[in-house]
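Undergrad: Sharing a model that was predicted from the sequence below.
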Amino acid sequence: MPPLPRTWVEDKSIDILVESYSNAARTIQIRGISDAEQISHDHPTNSDRSIASSTININSIPRYLTAKCAATGVQRGACYVKVSLRAEGNKIATLMQGYITDAASVFFPGGENTSPIEGPGLIRSITGTDPAAGAEISETVPTGARWRLLSLTASFIASATAANRIARLAITDGTSILCYLQSGTAITANQNTNNTWSANGIRNTGSPNSYEGDGISEYRLPAGYKITTATQNIDTGDNWGAPQMLVEEWIQP
Amino acid sequence: MDTAMTKYQCKTCGGIYFDEQPDGIAYYHTCPWVEDKDGNISPNPDARDENPGKDKEGKGREKMS
């Protein structure tokens, strides 16, 4: 019996390209089968949301393929993977892409291919920088991330200098101020306040019973955008504490 | 999860921060803008920005603990 003719692709050099973006160093387990082999590959990610790539040499097109995180405690929004088929070094198909966790995989065939900014992100509580006396809070959306700010809380201790300070949160694109979210209640000399910006508006301990101003929940901020205070009448002896932020975070290559 | 958090003080702005969050994810400090005598704010020319791809040293940082 004569041998079966080789297919077009079997005459090519084919491989699988794995590309990942992760906010911490992790191992992604790629497992599957083709007609010619079992596929088992451990892919190391970078830790700073930058792209990490690796290849799997194969002899025939995969029939089944899956990817999951080896570590535990990895939540949606933390680790994104894209797996492509290449022939002669050129991408010819995207096999699977999406966020993976220790409990949820992406898979081929039949899996859902999703963008990294689709669906819910990773909920994080972040402690920012405690500014020096007289300086403003300033937090920058990290490289490779997109943030939705859900709330920010920070203490503000006013010096003995007489002045009516107005706590304001400013959202900037890194160069220009896009908006101010301003408290309607002044902070006076020697007051020790806690200030919260949330979806409900702004509140400080000078007005403990009501929220004022605009909510912040609809701002989606790409990398480089800044969340800062811009306190009216701030004195050199005034002191903001470290902000505590609740953010929803996505990976945005 | 490894949480080897180290505390630093920025020599440009004096801000104090940890280089890692309790969830194990790195924290990248950036300096606040500065305000001139007319109340206008602008980026600090000596700003430190630790974000990947930025790597602006500013005046450096000091390890506190």
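TA: Arrived safely, thanks for sending.

Undergrad: Residue numbers of the stretch 51-200 of chain A in contact with chain B?
TA: Residues of the stretch 51-200 of chain A lying close to chain B by C-beta under 8 Å from any C-beta of the partner chain are A:73, A:124-132, A:135-140, A:142-144, A:172, A:175, A:177. No exception for glycine: its C-beta is placed from N, CA and C like everyone else's.

Undergrad: hmm, try it at 6 Å
TA: Counting by C-beta under 6 Å from any C-beta of the partner chain, the stretch 51-200 of chain A comes close to chain B at A:126, A:129-132, A:135-136, A:138, A:140, A:142-143.

Undergrad: how about the nearest residue to residue 49, chain neighbours excluded?
TA: Since you didn't name a chain, this refers to chain A. residue A:144 (2.9 Å; C-beta to C-beta, 6 or more residues apart in numbering or on different chains).

Undergrad: actually it's chain B I care about, not the one you picked
TA: In space, residue B:49 is closest to residue B:56, 4.2 Å off (C-beta to C-beta, 6+ apart).

Undergrad: Give the pairing partners of the host helix or strand of residue A:227; include direction for each.
TA: Assigned by DSSP states H and E, residue A:227 falls within strand A:226-229. Using DSSP bridges, the strands paired with strand A:226-229 are strand A:138-140 (antiparallel), strand A:168-172 (antiparallel).

Undergrad: Over the last one, what's the mean pLDDT, rounded is fine.
TA: If I follow you right, that is strand A:168-172. Averaged across strand A:168-172, the pLDDT comes to 91.

Undergrad: And residue A:230, how far from residue A:170?
TA: 4 Å (C-beta to C-beta, to the nearest Å).

Undergrad: quick one, phi/psi of residue B:30?
TA: phi -130, psi 150 (degrees, to the nearest 10).

Undergrad: which residue packs closest to it, ignoring adjacent ones?
TA: In space, residue B:30 comes closest to residue A:140 once its chain neighbours are excluded; the distance is 4.1 Å by C-beta to C-beta, 6+ apart.

Undergrad: where does that neighbour land on pLDDT?
TA: Per-residue confidence (pLDDT) for residue A:140: 96.

Undergrad: related to what we said a few turns ago, just the pLDDT at the residue nearest to residue B:49, thanks.
TA: We have a pLDDT of 90 for residue B:56.

Undergrad: how about the residues of chain B near chain A?
TA: Residues of chain B found near chain A (C-beta under 6 Å from any C-beta) are B:13-17, B:21, B:24-25, B:28-30, B:32, B:51-53.

Undergrad: sorry, back to before: and the residue nearest to residue A:49, how many neighbours does it have?
TA: The tally of other residues near residue A:144 (other C-beta atoms under 10 Å in any protein chain shown) stands at 23.

Undergrad: And the residue nearest the centre of chain B?
TA: Centroid-nearest residue in chain B, with C-alpha atoms, centre = their mean: residue B:29, separated by 2.8 Å.

Undergrad: close enough to count as contact, that one and residue B:19?
TA: No. Counting by C-beta atoms under 6 Å, residue B:29 does not reach residue B:19; the two are 7.9 Å apart.

Undergrad: what's next to stretch A:50-67, contact-wise?
TA: Residues outside stretch A:50-67 that contact it (C-beta atoms under 6 Å, 6 or more residues apart in numbering or on different chains) are A:14-21, A:28, A:30-36, A:41, A:43, A:45-46, A:81, A:95, A:100, A:105-108.

Undergrad: 7 Å instead?
TA: If you take C-beta atoms under 7 Å, 6 or more residues apart in numbering or on different chains as the criterion, stretch A:50-67 is touched by A:9-10, A:14-21, A:28-37, A:39, A:41, A:43-46, A:81, A:83, A:85, A:95-96, A:100, A:105-108, A:144, A:253, B:52.

Undergrad: which residues of chain B score low on pLDDT?
TA: For chain B, the stretches with pLDDT under 70 are B:1-3.

Undergrad: which SSE is the most far-flung residue of chain B relative to its centre in?
TA: Here chain B reaches farthest from its C-alpha mean at residue B:38, the gap being 25.5 Å by C-alpha atoms, centre = their mean. Under DSSP H and E, no helix or strand contains residue B:38.

Undergrad: Please apply the same query to residue B:24.
TA: With DSSP H and E as the criterion, residue B:24 is inside neither a helix nor a strand.

Undergrad: now it: how far from residue B:4?
TA: The separation that residue B:24 has from residue B:4, given C-beta to C-beta, amounts to 9 Å.

Undergrad: now do residue A:107
TA: To residue B:4, residue A:107 is 35 Å away according to C-beta to C-beta.

Undergrad: out of the two, which sits in the busier spot?
TA: Using other C-beta under 10 Å as the criterion, residue A:107 and residue B:4 rank with residue A:107 on top: 20 against 7.
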